[in-house]
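Asks: Let me see the structure of the following:
(chains A and B)
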Amino acid sequence: MKRESKTKAGFTRRALLKSSAAAAGMAAGTGAITGFPTIWAQNPITLRQFGTGVSNLNAIAEQCKKDIGVTLEMTATDSDAAAQRAVTQPNSYDVADIEYWIAKKVFPAGVMQPMDVKKLKYYDKIVPLFVSGKLTPESTIAQGTAPHTVGFVEKPGDKAFAKAPTQWMTMVPTIYNADTLGIRPDLVGREITTWADIMDPKFKGKTSILNIPSIGIMDAAMIMEAMGNVKYADKGNMTKEEIDKTIDFLIKAKKDGQFRAFWKSFDESVNLMASGEVIIQSMWSPAVAAVRGKGIPCKYQPLKEGYRAWGGGLGLAAHLKGPKLDAAYDYINWYLSGWVGAYLNRQGYYSAAMDTAKNFMSEDEWGFWVEGKPAKGDIVAPDGKVMEKAGAVRDGGSFFERMGKVACWNSVMDEDRYMVRRWNEFIAA
Amino acid sequence: MTAIVSERADAQAQGKAALRLSPAVVSWLQATPLALILGAFLALPILMITVVSFWDYDFAQMHPAFVATNYLETLGSWVTWRTYFNTLKYAAIVWAITLFVGFWVAYFLAFHVRTSTMQMVLFLVCTVPFLTSNIIRMISWIPVLGRNGLVNGTLIEAGLISTPIEWLLYSDFAVVLAMVHLYTLFMVTPIFNTLMRIDRALIEAARDAGATGAQILTNVVIPLAKPGMAIGTIFVVTLVMADFSTVQVMSGGQSASVALMMKNQMSLLQYPAAAANAVVLLVLVLLMVAGILRIVDIRKEL
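Replies: This is a model prediction of the structure:
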């Protein structure tokens, strides 16, 4: 019902949007539809948001303008540049869209302010993974920089993270996913069940891992542990000896010719897989979809040791106050109100407030993306492209099966600098 | 009143005379525009890089300081030495191949093509590939050399090999091949230029004096082509030493080059470390160019 009225109105609205003068008045009209305050339409407010690109999507900015009249100016950077900018230019942004491990570096610098959960309309709807660290009461807490460990502070002005949930949230989670290995099921020729399979001599010269130190080391750790080489106390915060052991192992594997290449960007990983240069490698879920989009079989293989997860959220700059701060809260409340969540779920990521996103997805979409059920009809991407044919089942299954098996989160280690130096040695070796 | 006027006229005359009479001032003025441009866009940035190379840094920012850590870490690590060695290896191999290929292409254009129109046409044909971006030219090798690429596909279908040749792509071979492809023209152009300036009478004289073709080549043509070779060498060596994209793409990220190392450091925001590396590379390349200029006096022929 709601969705229909939105799409119908969408066309004329988009046409109107072209004239920026009309945009403000028009947003006032649409605000009524979704029940959001319309004040930002009469008193136009622009929020400057920067972040790591996954969720810096123009579609979100357009819809935000439409629904609550707040203009979003988005800047996308890579994660290292995002960390730097957050700390060194705190006045250059209003909203930071960053990953949790970046927040662990950035928040203690005092450039962000925590959010009052009483003002967050959908706080209760946020997946408990980001509050208690447990998806279900039975789940175990994963290693690494788990979002809940950097999710709260005791009071505004605090720089140390709180041990348990409080009234003050550092970042509101927005987008997250569970990563694993991608494989070419037509070429591997056997069942892939563990992270250790990437080191199988049978796949010599046909494997790849990603060359982004902070993420690559985690994949390497999953592999090492699966092979039984090391038992890490905390994969997300290795000691120097653990780093040495891991990197030495990687160097040896590289010299033995186990790897075909190392990839740094999304498209490289897609091309390596699509061309058959590599048949098993670290991969991101949209890259798997892109390979399949070319008509080439590719699977995001669930593994028995579990997934490596990552998560991002929105944080507020310390300098925000008055109407801008109110607008930022409205924006975050809008973000969790469902439209964005549905948009992200449809791309294969997960929304932090699943219940609200459900209202904006069709039953079939919800069944395929979240419940792990076979698709009844074709599954269509937000850009209109068919992603999966009817009958397809999502790799790894349902939301609970996937996010319930997280072994570790992307993280920042205390021995970060040492790790990066050793990683560079691995690449140069 | 009149005195003042005449004084002013005097001063004007003197001013004019001074302008006309001081060649030193004229020279300075003539040199100013270039000096300003080079100063602002070359000397100043290099100075800043040098200054920053002594700064300290953490994950987010640089701090003005005077520490030698960046140089000690750079020069004290075996990664740096291995990377420099690797880069020099590429430079040497690519230089030798481009010199050989470039010389013979230029020789053919200069001595075997009769009409100057045809020479220009053929020379322009050499530059045609350069109408596309060099990234595109480099990446086009991937589908050719890949495991399921054109070369392997053809060889397998012809029954010459049973399994694909693995070292064609993501190897040193691929890096060198792409570099030779990208940089040979930089060798052809200057050598062609010097060969065209060789007085044909010298060759006739040599022939009249009874020299064989090989003797003409080694005693007349090559010595006279040396300045062109030197200029081409400078182009190729500096291009290879500063390359990062070819090495990264063609080696599949498995090999390192000096510039790639710098790029990695910059993406991790370790600007001072990258600056120290840049200074070391600059010194090395300048030494190499100085060495080339010592062997061949290119000014003599320009």
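Asks: Mind telling me which residue is nearest the centre of chain B?
Replies: Closest residue to the average C-alpha location of chain B: B:Phe235 at 2.7 Å, with CA atoms, centre = their mean.
Asks: mind checking which helix or strand it is in?
Replies: B:Phe235 is part of helix B:222-241 when elements are defined by DSSP states H and E.
Asks: quick check: mean pLDDT across the following helix or strand past that helix?
Replies: Later in the chain than helix B:222-241, the nearest helix or strand by DSSP H and E is helix B:245-250. What helix B:245-250 shows for mean pLDDT is 89.
Asks: repeat for stretch B:135-148
Replies: The average pLDDT within stretch B:135-148 is 89.
Asks: where's whichever residue of chain A sits closest to chain B relative to A:Ser269, distance?
Replies: With CB to the nearest CB as the measure, A:Ala261 is the residue of chain A nearest to chain B, at 2.7 Å. Bear in mind the C-beta positions are built from the backbone N, C-alpha and C, glycine included. Noted for A:Ala261: a distance of 10 Å to A:Ser269, by CB to CB, to the nearest Å.
Asks: what do those two both touch?
Replies: The contact sets of A:Ala261 and A:Ser269 overlap at A:Ser208 (CB atoms under 8 Å, 6 or more residues apart in numbering or on different chains).
Asks: can you give me the helices for the stretch 101-250 of chain A?
Replies: Secondary structure of the stretch 101-250 of chain A by DSSP state H, counting those that start in this stretch: the helices cover A:185-188, A:213-227, A:240-255.
Asks: Actually, the stretch 51-200 of chain B.
Replies: Ranges of helices in the stretch 51-200 of chain B, per DSSP H, counting those that start in this stretch, are B:69-75, B:78-107, B:116-127, B:134-139, B:141-145, B:150-157, B:172-197, B:200-208.
Asks: Save those as TSV, and put in mean neighbour count and distance to A:Glu225 too.
Replies: Listed next are these as TSV, based on neighbours: other CB atoms under 10 Å in any protein chain shown; distance: least, CB to CB, whole Å:
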stretch	mean neighbour count	distance to A:Glu225
helix B:69-75	17	31
helix B:78-107	18	26
helix B:116-127	12	55
helix B:134-139	14	36
helix B:141-145	19	34
helix B:150-157	14	36
helix B:172-197	21	33
helix B:200-208	12	73
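Asks: so which of the ones you listed comes closest to chain A?
Replies: By CB to the nearest CB (comparing all of the helices of the stretch 51-200 of chain B), the closest turns out to be helix B:78-107, at 4.6 Å.
Asks: Highest mean neighbour count out of the helices of the stretch 101-250 of chain A?
Replies: Of the helices of the stretch 101-250 of chain A, the one with the most neighbours on average (mean count of other CB atoms under 10 Å in any protein chain shown) is helix A:213-227, at a mean of 23.
Asks: now that one, how far from the chain's geometric center?
Replies: Its chain's C-alpha centre and that of helix A:213-227 lie 19 Å apart, by CA atoms, centre = their mean, to the nearest Å.
Asks: which non-adjacent residue is nearest B:Lys263?
Replies: Counting by CB to CB, 6 or more residues apart in numbering or on different chains, B:Lys263 lies nearest to B:Phe244, which is 5.2 Å off, once chain neighbours are set aside.
Asks: The residue nearest to A:Pro213 when sequence neighbours are not counted is in what secondary structure piece?
Replies: Sequence neighbours aside, A:Trp423 is the residue nearest to A:Pro213 in space, at 4.1 Å (criterion: CB to CB, 6+ apart). For A:Trp423, the element it lies in under DSSP H and E is helix A:416-428.
Asks: which parts of that helix are buried?
Replies: For helix A:416-428, the neighbour count (16 or more other CB atoms under 10 Å in any protein chain shown) marks A:416, A:418-428 as buried.
Asks: of all those, which comes closest to B:Asp58?
Replies: A:Asp416 (10.2 Å; CB to CB).
Asks: which residues does the closest residue to chain A within the stretch 151-300 of chain B contact?
Replies: Closest residue of the stretch 151-300 of chain B to chain A, CB to the nearest CB: B:Gly252 (2.7 Å). The neighbours of B:Gly252, taking CB under 8 Å, 6+ apart as the test, are A:208, A:260-262, A:272, A:277, B:169-170.
Asks: if we go to 10 Å?
Replies: A:208, A:211, A:259-263, A:268, A:272, A:277-278, B:142, B:169-171, B:174-175 (CB atoms under 10 Å, 6 or more residues apart in numbering or on different chains).
Asks: could the helices of the stretch 101-250 of chain A be laid out in TSV, adding mean pLDDT and distance to A:Leu57?
Replies: Shown next, in TSV, are the helices of the stretch 101-250 of chain A (pLDDT from 0 to 100; distance: least, CB to CB, whole Å):
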stretch	mean pLDDT	distance to A:Leu57
helix A:185-188	93	30
helix A:213-227	91	21
helix A:240-255	94	34
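Asks: With distance to A:Ala86 as added columns, please give those helices in a markdown table.
Replies: Output for the helices of the stretch 101-250 of chain A, formatted as a markdown table (distance: least, CB to CB, whole Å):
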| stretch | distance to A:Ala86 |
| --- | --- |
| helix A:185-188 | 40 |
| helix A:213-227 | 16 |
| helix A:240-255 | 26 |
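Asks: Quick one: low-confidence residue ranges for chain B.
Replies: B:1-21, B:59-60, B:300-302 (pLDDT under 70).
Asks: if we go to 80?
Replies: B:1-21, B:58-62, B:264, B:266-269, B:297-302 (pLDDT under 80).
Asks: Please apply the same query to the stretch 51-200 of chain A.
Replies: Short version for the stretch 51-200 of chain A, where the test is pLDDT under 80: A:52-56, A:78-81.
Asks: how about the residues of it that lie near chain B?
Replies: Contacts of the stretch 51-200 of chain A with chain B, taken as CB under 10 Å from any CB of the partner chain, map to A:78-81, A:83-89, A:105-106, A:109, A:111.
Asks: Separate out the buried members of the residues you listed.
Replies: Taking 16+ other CB under 10 Å as the criterion, what is buried in these is A:79-81, A:83-87, A:105-106, A:111.
Asks: Just to check, B:Leu160 is in contact with B:Thr154?
Replies: Yes: the criterion here is CB atoms under 10 Å, and B:Leu160 meets it with B:Thr154 at 8.6 Å.
Asks: Would you check how far apart the residue nearest to the spatial centre of chain A and A:Phe399 are?
Replies: With distances taken as CA atoms, centre = their mean, the residue of chain A nearest its centroid is A:Tyr176 (3.4 Å). As judged by CB to CB, A:Tyr176 and A:Phe399 stand 11 Å apart.
Asks: what is in contact with these two at once?
Replies: The contact lists of A:Tyr176 and A:Phe399 share A:127, A:350-351, where a contact means CB under 10 Å, 6+ apart.
Asks: export those residues to TSV and tack on neighbour count?
Replies: Shown next, in TSV, are those (neighbours: other CB atoms under 10 Å in any protein chain shown):
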residue	neighbour count
A:Val127	19
A:Tyr350	25
A:Ser351	32
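Asks: would you say A:Ala96 is within a strand?
Replies: Yes: with DSSP: H, G, I helix; E, B strand; the rest coil as the criterion, A:Ala96 is part of a strand.
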